[in-house]
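[1] here are the coordinates; sequence isn't available:
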């Protein structure tokens, strides 16, 4: 794919994704073929995660990939620390021949801790959910960039997503 020019390729358990060579990768040691996650750490402290799991488990709870994505958005929205919530974008994508649900939200989160304060931090959340019948897995690619993230971080996120391959 021409879009991932200059990217390196991470590949495991029959799926892969392109990523910038500046990233440090962290593989969850408890990950296995059926379920797991990996984190791409950027030098500016931003992170992009890929999680995967058993497709049948996801289908039992959520009939469609859009339902699964919406459930995850609602979990974030209902978090006790979330003060405000705004959906910036919601779209359907085609990733490696699969329908995928893309969401971009903005939120303000109260700073927690032992002594909660009224101070808030602004955050974003980017996510793409997709399902692969051939591998019997679902995948979630997501990030919660900080307010200090580069302005084009969501573009980089989508560029990485477009390089995703699962078969």
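    Here it is on my side, so go on. These numbers come from a predicted model, not from an experiment. Residues are numbered from 1 along each chain as shown.

[2] mind listing what's buried along stretch 97-112?
    By 16 or more other C-beta atoms under 10 Å, the buried positions in stretch 97-112 come out as 98, 100, 101, 102, 103, 104, 105, 107, 109, 110. Where you see a C-beta, it was placed from the backbone N, CA and C, and this is true even at glycine.

[3] what residues are bridge-paired with the spatially most central residue of the chain?
    With distances taken as C-alpha atoms, centre = their mean, residue 142 lies nearest the centre of the chain, 1.1 Å away. Beta bridges link residue 142 to residue 49, residue 127, judged by DSSP bridges.

[4] ok, and what's touching the longest helix seen in the chain?
    The helix that spans the most residues within the chain, counting by DSSP state H, is helix 65-77. By C-beta atoms under 8 Å, 6 or more residues apart in numbering, the surrounding residues in contact with helix 65-77 are 58, 61-62, 82, 85, 87, 92, 99-101, 103, 105, 107, 125, 127, 129-131, 138, 140.

[5] related to what we said a few turns ago, Throw the buried residues of stretch 97-112 into CSV and include secondary structure, thanks.
    Converted to CSV, those look like this (DSSP: H, G, I helix; E, B strand; the rest coil):
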residue, secondary structure
98, strand
100, strand
101, strand
102, strand
103, strand
104, strand
105, strand
107, strand
109, strand
110, strand
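
[6] from the residues you listed, which is closest to residue 28?
    residue 100 (22.3 Å; C-beta to C-beta).

[7] how about the closest one: what's its closest non-neighbour residue?
    Leaving out its chain neighbours, the residue that sits closest to residue 100 by C-beta to C-beta, 6 or more residues apart in numbering is residue 130, at 3.9 Å.
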